[in-house]
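Chemist: One predicted model, sequence on top.
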Amino acid sequence: MPTKKTTSRHIGPVIKCQVCGNTKLQPVLSLGHQPIPQEYLTDRLVHEMTYPLNLQFCTKCGLTQVDYIIDPEIVFPKNYPYRTGMTNMLIRNFRQLAETMDEQYHFKPKDLIIDIGSNDGSLLAQFKERGLRVLGIEPTDAAKVANKNKIPTIQAFLDLKTARAVVKKYGKARFVTATNVFAHIINMPELMASIKTVLDKDGVFVSESQYLMDIIEKLEFDTVYHEHLRFYGLKPLQYLFSQYGMSIVDAERITAAGGSIRVYAMKGKHAPSVRVKELMKKEKEAGLYDIKKLREFAADAVGAKHELLRVLIECKQTGGRIVGIGSPCRSNTLLGFAKIDEQLLDYAVERAGSPKIGMFTPGTHIPVLDEKQLFEDQPEFALMLSWHIGHELMDKLRAAGYKGKFIMPLPKPEIF
Ligand SMILES: [Zn+2]
């Protein structure tokens, strides 16, 4: 059921591995049909389009990936509501990234850094503070926020045309960063060619993506939604970079976005660091490239869904009201997969200023209200929909006066 006619060969069912082209892909986990995770509704009665959301695995290069791709103009509309600057955890991560890169590569004042999918410019602000020339590339209206904050940003998807125009105007970049977007962009050949176009000969490309190891260890299946097309481990990433004449020189695990992998890559052939070799060994031990292990993960996800429903129904049967804390994109996978609607969850709250306030969650149509409602109503239970930063949030909400109990939904529902 295509929503609109499109000529792109990248949109629709994924029948070939996105990294190596292998056509023998193995099904791993089925999360049903889900709507666009960021498409919050102004009217709960609206009829939404849904799309298949399943994980599959490539036995050749080891890439775990979704089985259906939606037109990015639909997934990332101009009015895309997410603002990086509203997430403290990410700001801390950006500061740490700037520090680490400065220590390792010794910034020089005229160095240019380009951030792909730069959102409101929060990452680049950290580099600007350290005296670098900065440039953001961002397709959504977050680019306007960045420009207002004096972070020069081009409002566009990164493609070869944009890349060439950037080089002409600004020169080549010593650093190119892509945090939490490297798994989102469909057209890999064009993306890699664009990165190589803007990156200097000895430049460093740094990407941060959610790490399959963390997803499996912590049962973070809710991180699977239509924005994320690929769930990386080092093995498929190495394969990917080598196809484009680049190599991974270093890698590290970081806590951002529920556990991510930060990868440093350069043009040409370079030996991987000790950290890369160690991580590769750990990935193998953890079964990241073993279909049996991946299917165990899928069975655990289904078990977690049943257990969460049992806990929520029990809370409801004792007469409790349940309110969701936060309404991040990823929570819509969990709500949709577990079929948690407004009969179980009265509403969800977001911090003041969030563009989601006054709207309804896609698929499950739960109202999103201002966080102050939580303190007024004092519902008996608060379901941590941002459970990946749940403990930080629980402390804050407690300090701010919330008196009820907290429910952590995953990896196993727990009441605090
Ligand atoms: Zn593959």
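Modeler: Sure, I can see it. Numbering: from 1, shown residues only.
Chemist: can we go C-alpha only for contacts and neighbour counts from here?
Modeler: Noted.
Chemist: Hmm, S30 is touching Y51, no?
Modeler: No: S30 lies out of contact with Y51 (C-alpha atoms under 8 Å); the separation is 11.9 Å.
Chemist: Distance check, F231 against the ion.
Modeler: From F231 across to the ion, the span is 12 Å (C-alpha to the ion, to the nearest Å).
Chemist: If you count neighbours, what's buried in the helix or strand of the chain at the bottom of the mean pLDDT ranking?
Modeler: Lowest on mean pLDDT, DSSP states H and E among the helices and strands of the chain sits helix 72-75, with a mean of 81. Buried positions in helix 72-75, judged by neighbour count with 16 or more other C-alpha atoms under 10 Å: V75.
Chemist: quick one: that helix to chain centroid distance?
Modeler: Distance of helix 72-75 from its chain centroid, counting by C-alpha atoms, centre = their mean, to the nearest Å, is 15 Å.
Chemist: got the contact list for the strand or helix carrying E252?
Modeler: If you go by DSSP states H and E, E252 is part of strand 246-254. With contact meaning C-alpha atoms under 8 Å, 6 or more residues apart in numbering, strand 246-254 is reached by 238, 241, 259-273, 275-276.
Chemist: dump the residue contacts of whatever residue of the stretch 301-416 of the chain ends up closest to the ion.
Modeler: In the stretch 301-416 of the chain, the residue that lies nearest the ion is A301 (23.7 Å; C-alpha to the ion). Neighbouring residues of A301 by C-alpha under 8 Å, 6+ apart: L219, F221.
Chemist: Can you read off the backbone torsions of it?
Modeler: The phi/psi pair for A301 (degrees, to the nearest 10) reads phi -60, psi -40.
Chemist: what about the longest strand seen in the chain, distance to the chain center?
Modeler: Identified as the longest strand of the chain according to DSSP state E is strand 199-210. Chain-centre distance of strand 199-210: 18 Å, with C-alpha atoms, centre = their mean.
Chemist: I'd like the distance between the nearest residue to H388 once chain neighbours are set aside and the ion.
Modeler: Leaving aside its chain neighbours, H388 sits nearest to G258 (5.2 Å; criterion: C-alpha to C-alpha, 6 or more residues apart in numbering). Here G258 is placed at a distance of 25 Å from the ion (C-alpha to the ion).
Chemist: Tell me the confidence at G258?
Modeler: On the pLDDT scale, G258 is placed at 79.
Chemist: With A146 instead?
Modeler: On the pLDDT scale, A146 is placed at 97.
Chemist: Pretty sure it sits against L124.
Modeler: No: in this structure, A146 is not within contact of L124 by C-alpha under 8 Å, at 9.3 Å.
Chemist: Give me the more crowded residue out of the two.
Modeler: L124 (28 against 23; other C-alpha atoms under 10 Å).
Chemist: so the more buried one is in which element?
Modeler: L124 belongs to helix 122-129 when assigned by DSSP H and E.
Chemist: Counting neighbours, what do you get for whichever residue of the stretch 51-200 of the chain sits closest to the ion?
Modeler: Nearest residue of the stretch 51-200 of the chain to the ion (C-alpha to the ion) works out as C61 at 4.0 Å. By other C-alpha under 10 Å, 20 other residues sit near C61.
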